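S.K.: Give the three-dimensional model of this entry:
(chains A, B, C, D and E, ligands or ions: 4)
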Amino acid sequence: MASLELRSVHKSYGSGLADTLKNIDLSIDSGEFLILVGPSGCGKSTLMNCIAGLEAITDGAILVDGTDISGASPKDRDIAMVFQSYALYPTMSVRDNIAFGLKMRKMPSAAIEEEVARVAKLLQIEHLLSRKPSQLSGGQQQRVAMGRALARRPKIYLFDEPLSNLDAKLRVEMRTEIKQMHQRLKTTTVYVTHDQIEAMTLGDKVAVMKDGIIQQFGTPQQIYNNPANLFVASFIGSPPMNFIPLRLQRRDGRLVALLDSGQARCELPLGLVDGESLDGRDVILGIRPEQIGVASGEGALASIRAEVEITEPTGPDTLIFVKLNDTKVCCRLAPDAAPQIGESLQLQFDADKVLLFDAQTGERLGLQGKRQPVERAGNVARFNSR
Amino acid sequence: MASLELRSVHKSYGSGLADTLKNIDLSIDSGEFLILVGPSGCGKSTLMNCIAGLEAITDGAILVDGTDISGASPKDRDIAMVFQSYALYPTMSVRDNIAFGLKMRKMPSAAIEEEVARVAKLLQIEHLLSRKPSQLSGGQQQRVAMGRALARRPKIYLFDEPLSNLDAKLRVEMRTEIKQMHQRLKTTTVYVTHDQIEAMTLGDKVAVMKDGIIQQFGTPQQIYNNPANLFVASFIGSPPMNFIPLRLQRRDGRLVALLDSGQARCELPLGLVDGESLDGRDVILGIRPEQIGVASGEGALASIRAEVEITEPTGPDTLIFVKLNDTKVCCRLAPDAAPQIGESLQLQFDADKVLLFDAQTGERLGLQGKRQPVERAGNVARFNSR
Amino acid sequence: MSVTMVLSKASPLDALQRWLPKLVVAPTMLVVMVGFYGYILWTLVLSFTNSSFMPSYKWVGLQQYARLIDNDRWWVASKNLLVFGGLFIGISLVIGVLLAVLLDQRIRREGFIRTIYLYPMALSMIVTGTAWQWLLNPGLGIDKMLRDWGWEGFRFDWLVDPNRVIYCLVIAAVWQASGFVIALFLAGLRGVDQSIVRAAQIDGASLPSIYLRIILPSLRPVFFSAVMILSHIAIKSFDLVAAMTAGGPGYASDLPAMFMYNFTFSRGQMGVGSASAMMMLGAILAILVPYLYSELRGKRHD
Amino acid sequence: ADSKGTVEVVHWWTSGGEAAAVKVLRDLVDKDGFTWKDSAVAGGAGSAAMTVLKTRVVSGNPPGAAQIKGPDLQEWGALDLLSSLDEVAEANDWNKLLSKTVINTMQYDGHYVAVPVNIHRVNWLWINPEVFKKAGIDKAPTTLDELYAAGDKLKAAGFVPLAHGGQPWQDSTVFEGLVLGIMGPEGYHKAFVEHDEATLTSPQMTEVFTALKKLSSYMDDNRAGRDWNLATAEVINGKAGMQIMGDWAKSEWTAAGKVAGTDYQCVPMPGTAGSYTYNIDSIAMFKLKNEGDIAAQHALARIALEPEFQYVFNQNKGSIPVRSDLDMSKFDSCAQASMNDFKEADQNGTLEPSMAHSMATNLAVQGAIFDVVTNFMSEKNADPSKGGAQIYAAIKSAQ
Amino acid sequence: MTRAFSPSRLAIHATLLVAAALYLIPLVVMLLTSLKTPEDIRTGNLLSWPEVFTLIGWVKAWSVVDGYFWNSVKIAVPAVLISTALGALNGYVLSMWRFRGSQLFFGMLLFGCFLPFQTVLLPASFTLGKFGLANTTTGLVLVHVVYGIAFTTLFFRNYYVSVPDALVRAARLDGAGFFTIFGRILLPMSTPIIMVCLIWQFTQIWNDFLFGVVFASGDAQPITVALNNLVNTSTGAKEYNVDMAAAMIAGLPTLVVYIFAGKYFLRGLTAGAVKG
Ligand SMILES: Nc1ncnc2c1ncn2[C@@H]1O[C@H](COP(=O)(O)OP(=O)(O)OP(=O)(O)O)[C@@H](O)[C@H]1O
Ligand SMILES: Nc1ncnc2c1ncn2[C@@H]1O[C@H](COP(=O)(O)OP(=O)(O)OP(=O)(O)O)[C@@H](O)[C@H]1O
Ligand SMILES: [Mg+2]
Ligand SMILES: [Mg+2]
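M.R.: Ligands and ions are numbered 1, 2, ... in the order given. Now for the predicted structure:
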């Protein structure tokens, strides 16, 4: 249990190369659980390595409990880590892999045995304890890697995609275990994941990275509901948010967005205008697939008739795709409510939830007064819409 | 493009060890897309390796286009594969890694260059082409591994968790690309994944494995709606199906399940009885979280009042957990509809969708006449309920 | 089940591909069968004959072995080999590992230091033997030098002490061969997967325990190579003994290879020489084969 | 120019003086229009060359000529590999030129198979008179007791009395000198040529070993493995007083610019005056097919005995010529004395083959004796009374 | 961030330097001796400074070994290359393409090389004689290849054993055949072991005396035989300065190989691009 703070951390892999981490500022309290997400290659693993002391940072400082540890060696930082590449000790059995860190910390062997047994049970690898890593499947290896970290009681846990090779069921179980363990032990944790559910449910805080820059830092709900920019909005949520470029207009003193499905048009009311300035401005309207439903009647407010172009049953839901303003828009419906391709249906927008982004910068426009101000960490990059 | 058939394939890793694959029978038509799912360590990678010819099978036959290729060497099978462990050539640049297979097949170098460029663009790794694998992030390595396979035009593609290290957004894009590519090229494909959405949307067929045995083989919808047994039911779907053990009773000539939330009780009607035999029998009732909703009124049929014990907002949905018949039951609600912890609410069951499983064997009981018969491949193991 | 066994057009090229691995090792196999085992067999046959000055094929049964067993010199040589081999292999391994690990610590001028360690290997055993004979000679070398420099009481006369001369051979042999062991281990160390080292760092292992418990165990194949090489050198260190002590004082520093050579060629007792070669092989068989077995039996990776 | 024939010579005459002498031979052969192909193999007093020779023969590719000596000639002859030189011998009157002892050694089954090139005397004692003077010794020892006395004085004066290298053949050189001195030529012959049990286990043998032990107490402790020439250098440098060594030791003195008779003295090993242990080098010829090559062999055989070569070679080697008709005035006093003693001993029947230099026995027996002697000398508390029996047992097991 | 010289690093460097000094002593002795006059050697002590520095030993040594030096080159270069190539191929087969009995074969190969070389002299020369290769450099190359192959195979096999076989699998699926996999995938990552192997083989062959003296005659003899003839004379005056100079000349090529090869050790780092 320790607080962790990064102060304008920079990291470059070589003098010729561009910085992989750019001015990272982050601070999490003792016992907090931080989720790190971002596209592949954005620097998540690099950041983890820097915190663990496996890569030297080029500039800045890393503080644990207020003490600068930038120069400390990995073994003195008391951190446990799950590596994305597992990095199991090939010559040791699974048992010894898990026990190694404990032995190094001079735990009595009876206690080690107990701990190994506990972790093995938790991860369902009891029957594999005497195998060598080369005799394990991918997911089994990943669980051993996990076990190696969980057996210890460090100041900080670092998990780099620890569940990526597990099946959904096991993943849910593991997720629950991690969550419970965290609630019990309250160990400060940084956790990299690509799984939306994990990102949303596991952590106290989420940091969204892109190209070595932290785009937004906040609670899961903030990130989901009030993304700082187009990138965060598009990155979080699966299926992703729909983005419809359009020009804002003023109708009866209210700002509206005009939608056109080819079959019909509708005006989406956008709450009170903060300033005159938005009138006639080009923006990108964001709405999530689950925020579009089937309207109860033909003439309902903020609803539009549209033709279904594609349907995709995912099991619990069915996704349908329609064209609005010449943009493909995804809506998530219950399987029963889902129409056939080519059918038309009346779609209902949850106008309260609609977000607006600046078409140039990608920044979210602080339109709706009722929302909390957007929280962000560090430097926010200009977002170049793609 | 080729059909693929496995005939009672057995595989053991050593004479002392138990069989890793047990009597696998599978057959997919030319151009079909097969999804292979199953818990970690069940033998998926082993099966892929056997198809590719990288592991010798112990017994049985593998047929491509009706010809037994069990003895053929991997390079003559004309198969491209993405390895779970990437297996990139460490001394080659990304470009050479991708081009290698093409060079081996004597493609002219101009064509190779074009192909590499195409694949690199598709996978968004153009800027990495001259790096060595050790300088890539995990997801980047995985994309290179993918590129190596996609650059070729083999008879069969084998993908072993090719997207597990990618972020959700990229994953969706890649998934779409793979789907489109498959629609265009119609190359027979076997694809291992742990991702529910991939499993449900990518494939024509799904095979669910456990402990080296195929539990069920069918279309995604069959697997989702008519799981052959408890295992398949629990394995597919996220969050997973709820299982409530109870004893069936007869009321007014209809079979009902009695649910008890502590606050209230309800009788769930289970359609027409096929036989008398089920009356008074111990079964496990299965219902998916999305099949439980909020009832429109207090007295609605097949609804029950229950107290919310846990809530878990996942972004698009909120999961709530209640206790029914002393079992924790998960319901998926829209975030707006979600109550606070401790509140009570009236839950509505989609009684048509309820499944029943034999408490002993775990086999699904063919209760509802309207359902299609369950399709299964090969040998179905007895399911021991946990 | 009738599987259409049209085991596709098995073209000659396919068959070739399948046989290629075996074809590639075939020449070696042939050479091994003739050059090693054929000759061993021939030596075995000679050891049962009365061959003396030149090979002859008159069968005398175990007579040559009886002679060998009666020969005090043979037992001295055998005992020497045990002492020499054990110390030489042990010390070379320790030095090899130690210095390789130290060299692995991003040392300045690593290349230069490495070359210094390696150069003794460049010299032939004859030169090594001569040089060390001088250095260890009580009247000429280190002993005299230190006394010349005023350390009157110093006495280092192992080279002329029948009970200690064998350690002199060990010193010279270690000096010569340890550099190669260093190179071998260094090559191994450079190939270790860095992510494993990282994991161990995180697990709180200090540098020594990372080496001892993570890296060195994964260098098991390198140990294997080194042990084979060193025992090969130990068993065959003929030139070294010839140049350094010629087996003396008396025959206190004789080794089996020397013995075998002397009897076969210098003394015209080829039968005894062959018998000694077979005894040597027998002893190696007893020690080495279990080791070979345990090393080679395992799976691909450990 | 086309060569009339080639003769390849395997030998171990590689040191400075020897190489120069061999060059003379080579030039003479070349002058006659033949080609000399040199295969010098040094090491282990010829054992490396023997190894080469054996493998060459086994591969069916023997050289034309090889340095082979003593009883080895008989072994090679028995394999029917050596060609007869009777033709050359007759043409050049070898029977007259050579002493009977030498002729016997050179013949196999009554035919010449080798040509002798020199005669070494082994039982010499080399003395540095200056050191003797410093130690207060006025005359060279002629008996063992005198030797001991001299040794004690030298030791007292702080010199190493007896320079020696601890190598088996050097140990045995001293040993055979003692046998010759204590047991006389007949006893020597019985012991080393006939391997007579009674002689070998006699009390006299115990005396020999006791004397050996005594002598080794006059040698320095660091001698193990030392080359003989380093021991000689100690005498030359005045660190040591004496050395028991064959007449090749002279080459070291000569190289150091010392003159026999004045700077150093050579006397027979104490107790052996009148007896002579010899060591004869010879070149044997292998059977060849090519006529030209055979002619080359014959030319080589002839030239080897010609005075021109005999002079140069023996002056360089420290030995004496094998033919008795040469003018010895060109040689130094030691060589002259050696020649006289040789002739005398030849007549008196006190000429004995050197065991330590492979003239008396075959190599197996020699090796067995070496083992016992050298082990005795390196073992501080070995029992002299057991030595004879050990030698006998060793000889038996080697035969 | 450059690490400061901590006490422990200082200790490491000190240890390495002390060890280096110990390794150097014999070389210093030889060098000093080779630069002394014979007189100086006779009178002085082995480790004493030469009274006058003279190159006479070196000149004389070179005149003796000159021709033989090139013989050695002619023998060593092909023998080293061939045995290394064969060893690499064998090692590749024995680690990546195991077949029934391949382990046994490898074990036999290793065991066989413990046969003392002296025992093979006669049968080998008989065999060479039969093939008409007696006393030719070809014969000598052959012998060196045969008796070097066990260790070259050992080196490569043990190096390749730790290469993940997923690599080979991937390449096989990519359509690469036996030799292509070897040449394109494994060889590029073998630099360190190739260097080790070259060093070993080159020293063994260059310094070989036994085979050289027995299987090459006259003018075809390698430098070690010439060196031996120089150093190992039983009678006559010894010229230690010449001996030592000749020894150093004989050792120079190996030294050069080491200096050259050492650089390449570092280049062969196989990076951890393969997980699992
Ligand atoms: N070389 C081997 N030797 C022995 N057992 C092995 C070997 N490789 C795999 N296994 C075992 O075989 C079983 C199946 O492994 P496989 O790799 O096929 O699993 P998988 O279904 O791909 O799992 P995952 O999803 O975790 O990758 C596992 O229990 C594994 O431990
Ligand atoms: N050793 C290295 N040398 C040079 N560049 C590197 C090195 N390691 C990583 N990189 C680059 O740094 C960037 C960040 O890599 P990092 O591994 O941190 O990504 P990541 O966010 O973990 O991605 P993923 O989700 O794919 O694992 C990538 O573009 C990668 O190519
Ligand atoms: Mg990463
Ligand atoms: Mg797998």
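
S.K.: Nearest the middle, which residue of chain D would you pick?
M.R.: In chain D, the residue lying closest to the centroid (C-alpha atoms, centre = their mean) is D:Asn279, at 3.5 Å.

S.K.: What are the buried residues along the helix or strand harbouring that residue?
M.R.: Using DSSP states H and E, D:Asn279 falls within strand D:276-285. The neighbour-count check on strand D:276-285 (16 or more other C-beta atoms under 10 Å in any protein chain shown) flags D:Tyr276, D:Thr277, D:Tyr278, D:Asn279, D:Ile280, D:Asp281, D:Ser282, D:Ile283, D:Ala284, D:Met285 as buried. In this view, the C-beta of every residue, glycine as well, is placed from N, C-alpha and C.

S.K.: I'd like these written out as TSV, with pLDDT and distance to E:Lys74 added.
M.R.: Below are those laid out as TSV (pLDDT from 0 to 100; distance: C-beta to C-beta, whole Å):
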residue	pLDDT	distance to E:Lys74
D:Tyr276	90	49
D:Thr277	91	46
D:Tyr278	90	44
D:Asn279	90	39
D:Ile280	90	39
D:Asp281	89	33
D:Ser282	90	35
D:Ile283	91	30
D:Ala284	91	31
D:Met285	90	31
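
S.K.: and which of these is nearest to C:Lys144?
M.R.: Each of the buried residues of strand D:276-285 was checked against C:Lys144 using C-beta to C-beta; the closest is D:Asn279, at 33.9 Å.

S.K.: Would you enumerate the residues in contact with that closest one?
M.R.: With contacts defined as C-beta atoms under 8 Å, 6 or more residues apart in numbering or on different chains, D:Asn279 is in contact with D:Lys69, D:Ile119, D:His120, D:Arg121, D:Val122, D:Gly246, D:Pro353, D:Ser354, D:His357, D:Met359.

S.K.: which two from those end up farthest apart in space?
M.R.: Using C-beta to C-beta, the pair of the contacts of D:Asn279 lying farthest apart is D:Lys69 and D:Arg121, separated by 15.1 Å.

S.K.: tally of neighbours for E:Gly183?
M.R.: Using other C-beta atoms under 10 Å in any protein chain shown, E:Gly183 is surrounded by 12 other residues.

S.K.: How much space separates it from chain B?
M.R.: Distance from E:Gly183 to chain B, counting by C-beta to the nearest C-beta, to the nearest Å: 12 Å.

S.K.: And C:Glu110, by the same measure?
M.R.: From C:Glu110 to chain B the distance is 22 Å (C-beta to the nearest C-beta).

S.K.: One more: A:Thr187?
M.R.: Using C-beta to the nearest C-beta, A:Thr187 is found at 21 Å from chain B.

S.K.: And that residue, how close does it get to C:Tyr211?
M.R.: As for A:Thr187, its distance to C:Tyr211 is 30 Å (criterion: C-beta to C-beta, to the nearest Å).

S.K.: which stretches of the stretch 1-150 of chain C form helices?
M.R.: Per DSSP state H, counting those that start in this stretch, the stretch 1-150 of chain C carries helices over the ranges C:12-31, C:39-47, C:63-70, C:72-103, C:110-122, C:125-136, C:142-148.

S.K.: Which one, of the ones you listed, ends up nearest to E:Gly57?
M.R.: helix C:125-136 (14.2 Å).

S.K.: pLDDT (mean, whole number) over that closest one?
M.R.: In this model, helix C:125-136 has an average pLDDT of 79.

S.K.: what does stretch D:320-327 give?
M.R.: Mean pLDDT, computed over stretch D:320-327, is 86.

S.K.: Then stretch A:314-325?
M.R.: So the average pLDDT for stretch A:314-325 ends up being 88.

S.K.: That one and chain B, any residue contact?
M.R.: Yes. Using C-beta under 8 Å from any C-beta of the partner chain, stretch A:314-325 reaches chain B at A:Thr314, A:Gly315, A:Pro316, A:Asp317.

S.K.: repeat for stretch A:107-127
M.R.: No. Applying C-beta under 8 Å from any C-beta, one finds stretch A:107-127 out of contact with chain B, separated by at least 8.6 Å.

S.K.: Can you tell me the closest non-neighbouring residue to A:Glu290?
M.R.: Spatially, and ignoring its direct neighbours in sequence, A:Glu290 is nearest to B:Pro316 (4.2 Å; C-beta to C-beta, 6 or more residues apart in numbering or on different chains).

S.K.: Next, that neighbour: secondary structure please.
M.R.: With DSSP: H, G, I helix; E, B strand; the rest coil as the basis, the three-state label of B:Pro316 is coil.

S.K.: Please report the distance of it from A:Lys169.
M.R.: From B:Pro316 to A:Lys169 the distance is 20 Å (C-beta to C-beta).

S.K.: What residue in chain A comes nearest to chain E?
M.R.: A:Ser85 (3.8 Å; C-beta to the nearest C-beta).

S.K.: same question, the stretch 51-200 of chain D
M.R.: The minimum distance from the stretch 51-200 of chain D to chain E, using C-beta to the nearest C-beta, falls at D:Ser59 (3.1 Å).

S.K.: Which helix or which strand is home to the closest residue to that residue other than its chain neighbours?
M.R.: Leaving aside its chain neighbours, D:Ser59 sits nearest to E:Gly129 (3.1 Å; criterion: C-beta to C-beta, 6+ apart). Assigned by DSSP H and E, E:Gly129 belongs to helix E:117-130.

S.K.: In that helix, which of the residues would be classed as buried?
M.R.: E:117-129.

S.K.: Distance check, the nearest residue to C:Glu295 once chain neighbours are set aside against chain B.
M.R.: Excluding the flanking residues, the one nearest C:Glu295 by C-beta to C-beta, 6+ apart is C:Phe224, at 5.2 Å. C:Phe224 sits 23 Å away from chain B, going by C-beta to the nearest C-beta.

S.K.: Next secondary structure element downstream of the helix or strand harbouring C:Phe224?
M.R.: Here C:Phe224, judged by DSSP H and E, is contained in helix C:220-236. Reading on from helix C:220-236 to the C-terminus, the next helix or strand found by DSSP H and E is helix C:238-244.

S.K.: immediately after that following helix, which helix or strand?
M.R.: helix C:256-261.

S.K.: That following helix packs against which elements?
M.R.: Using 3 or more C-beta pairs under 8 Å, 6 or more residues apart in numbering or on different chains; DSSP states H and E, the elements in contact with helix C:256-261 are helix C:72-103, helix C:220-236, helix C:238-244, helix C:270-297, helix E:117-130.

S.K.: What mean pLDDT does that helix get?
M.R.: Taken as a whole, helix C:256-261 has an average pLDDT of 86.

S.K.: just stretch D:239-259 next, same as before
M.R.: The average pLDDT within stretch D:239-259 is 86.
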